[in-house]
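> Have a look at this prediction, sequence included:
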Amino acid sequence: MMGLEFHMIAGAPDPVAPFSHAVESDGWVFLTGQMPFVDTANDKAYPEGIEAQTRQVMKNLDKVLAGIGLGLQHIASVRIYLLHFDEDYAAMNAAYATYFPPGRRPARTCIGVSGLARGARIEIDMVARRPDLPG
């Protein structure tokens, strides 16, 4: 069993709290939930609307994945947190579905919440798995 490896990714948004962008052990990678920050600074306005915020969160998660040599094809599980569940669920799903092909979609949970950091409408975290290495 391998120890834990803590990843901070250059170019990913600055944390809003004390956390690593991802933590890895035994080929499993746990990505901290990302917010819809447009740049690395975490004190600027978010994009307008749930579709744009969903796309920005996915872009931020993709930056974290790329920083550790992975991509969306390595995602096993996703958790989505929505501030306005009833209002945003359908539009979020339409945007989210474009990132994973039918037949290759990760396990997923979507939860309505009473608040998210800095007033975001959405936060998404992920669990990835490194491909088996030969040897």
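Thanks, I have the structure now.
> CA atoms for contacts and neighbours, from now on please.
OK.
> So for the helix or strand hosting Arg55, what gets flagged as buried?
Counting by DSSP states H and E, the secondary-structure element that holds Arg55 is helix 50-67. Using 16 or more other C-alpha atoms under 10 Å as the burial criterion, the residues of helix 50-67 that qualify are 50-61, 63-65, 67.
> what's in contact with it?
Here helix 50-67 makes contact (C-alpha atoms under 8 Å, 6 or more residues apart in numbering) with 9-13, 21-22, 31, 34-38, 46-47, 71-72, 88, 91-92, 94-96, 121-125.
> Write a PyMOL command that selects only the buried members of these.
Selection of buried members from the contacts of helix 50-67 for PyMOL, criterion 16+ other C-alpha under 10 Å:
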select buried, resi 9+12+13+21+22+31+34+35+36+37+38+46+47+71+72+88+92+95+121+122+123+124+125
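> In strands only, show me the contacts of helix 50-67.
22, 31, 34, 122-125 (DSSP state E).
> Report the two of the residues you listed separated the most.
Ala22 and Ile122 (18.6 Å; C-alpha to C-alpha).
> Could you count how many residues lie near Lys44?
Counted by other C-alpha atoms under 10 Å, the residues lying close to Lys44 total 12.
> Can you tell me how far it is from Gly119?
Using C-alpha to C-alpha, to the nearest Å, Lys44 is found at 11 Å from Gly119.
> Over to Arg104?
32 Å.
> now swap in Tyr99 and tell me
On the measure of C-alpha to C-alpha, Tyr99 and Gly119 end up 24 Å apart.
> Met126 - how many residues pack around it?
So Met126, with other C-alpha under 10 Å, has 23 neighbours.
> got a pLDDT number for it?
With respect to pLDDT, Met126 scores 98.
> again, but for the one 3 residues further on
Each residue has a pLDDT score; the one for Arg129 is 97.
> now Met1
So Met1 comes in at 54 (pLDDT).
> Same check on the one 5 residues further on?
As predicted, Phe6 sits at a pLDDT of 97.
> How about Leu133?
pLDDT, Leu133: 60.
> Which parts of this structure are helices?
Assignment of helices within the chain using DSSP state H yields the ranges 50-67, 85-97.
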